[in-house]
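> can't give you the sequence, but here's the structure:
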């Protein structure tokens, strides 16, 4: 009797083990995770890139321009990433990053020592990586939208005269507050003040020019009258 019970227990354990393995979804999940898209390598006049079915990632920059506006799309697909393609650039001064990009990767502009101006358009970019602008000692202006929620502590290391323009309370504002050498300016307030000052300057210039012109006219008229009077007296 004991042998029969032991046999039945062993058989039950075997059946349970088989059933559990049969229902285990691990193999299916692992198989799906292993399926990845192989990108196609491509290039144009200025960039080398990897082309995926729904986006482009830049892998190299072939030019030497001082002003660069990164492409927002290539072959009809949005460009979303670029690696260390401007690392140690000797020519780059101004760079504009469209809203299609999702992040500025680690060391992207590492030691690009002539870089002075950075503008990031509002869009999909959320992260500025480690050492992204480390050593960019000439960098003076960085326009950072509030879509950026993560800025690595060393992203702007050794940028000692940097003014960050952004939205008050944003990640850019919080980042600048950590460093005495980095200043923050509210972008909207800055634009408003600048526009007002420019308008005032233009108005003042117009008034000065108008006054100067009137003065010149009056002087000319006086000279002409004086000449006429002299001729009459003679």
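Good, I have the coordinates. Small disclaimer: the values here were computed from a predicted structure and weren't measured.

> go ahead and name everything in contact with stretch 41-49.
Contacts to stretch 41-49, defined as CB atoms under 8 Å, 6 or more residues apart in numbering, come from residues 50-51, 56-63, 71, 74-75, 79, 85. Heads up, the C-betas are built off the backbone N, CA and C, glycines and all.

> mind listing what's buried along it?
47, 49 (16 or more other CB atoms under 10 Å).

> give me the subset of the contacts of stretch 41-49 lying in helices.
Among the contacts of stretch 41-49, no member falls in helices (DSSP state H).

> of the residues you listed, grab the buried ones for PyMOL.
Buried members of these, defined by 16+ other CB under 10 Å, are picked up in PyMOL with:
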select buried, resi 56+57+58+59+61+71+74+79+85
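
> quick check, nearest of the contacts of stretch 41-49 to residue 124?
The nearest member of the contacts of stretch 41-49 to residue 124, counting by CB to CB, is residue 79 at 10.9 Å.

> quick one: the closest one and residue 70, what's the gap?
Distance of residue 79 to residue 70, given as CB to CB, to the nearest Å: 7 Å.

> mind listing what residue 70 touches?
Neighbouring residues of residue 70 by CB under 8 Å, 6+ apart: 58, 79, 82, 95, 96, 97, 98, 101.

> shared neighbours of residue 79 and residue 70, which are they?
Contacts common to residue 79 and residue 70, judged by CB under 8 Å, 6+ apart, are 58, 98, 101.

> distance of the closest residue to residue 159 other than its chain neighbours from residue 43?
Using CB to CB, 6 or more residues apart in numbering and skipping the chain neighbours, the partner closest in space to residue 159 is residue 139 (4.7 Å). Using CB to CB, residue 139 is found at 29 Å from residue 43.

> what residues are up against the residue nearest to residue 166 when sequence neighbours are not counted?
Excluding the flanking residues, the one nearest residue 166 by CB to CB, 6+ apart is residue 172, at 3.5 Å. By CB under 8 Å, 6+ apart, the residues touching residue 172 are 142, 144, 146, 148, 151, 164, 166, 184.

> buried ones only from the residues you listed, please, as a ChimeraX command.
Buried subset of those, written as a ChimeraX selection, criterion 16+ other CB under 10 Å:
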select :142,144,148,151,164,166,184
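
> where along this protein do the strands fall?
Using DSSP state E, the strands found in the chain span residues 40-43, 47-51, 56-61, 67-69, 73-74, 77-82, 94-97, 103-104, 117-120, 127-128, 141-143, 150-151, 162-166, 182-186.

> export these to CSV and tack on distance to residue 176 and mean pLDDT?
Below are the strands of the chain laid out as CSV (distance: least, CB to CB, whole Å; pLDDT from 0 to 100):
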stretch, distance to residue 176, mean pLDDT
strand 40-43, 37, 96
strand 47-51, 31, 97
strand 56-61, 28, 97
strand 67-69, 24, 97
strand 73-74, 32, 96
strand 77-82, 24, 96
strand 94-97, 19, 98
strand 103-104, 17, 95
strand 117-120, 14, 97
strand 127-128, 13, 97
strand 141-143, 9, 97
strand 150-151, 9, 97
strand 162-166, 5, 97
strand 182-186, 4, 95
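
> now distance to residue 134 too, for those strands, in TSV please.
What follows is the strands of the chain, written out as TSV (distance: least, CB to CB, whole Å):
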stretch	distance to residue 134
strand 40-43	28
strand 47-51	23
strand 56-61	18
strand 67-69	19
strand 73-74	28
strand 77-82	17
strand 94-97	15
strand 103-104	12
strand 117-120	14
strand 127-128	11
strand 141-143	14
strand 150-151	13
strand 162-166	12
strand 182-186	13
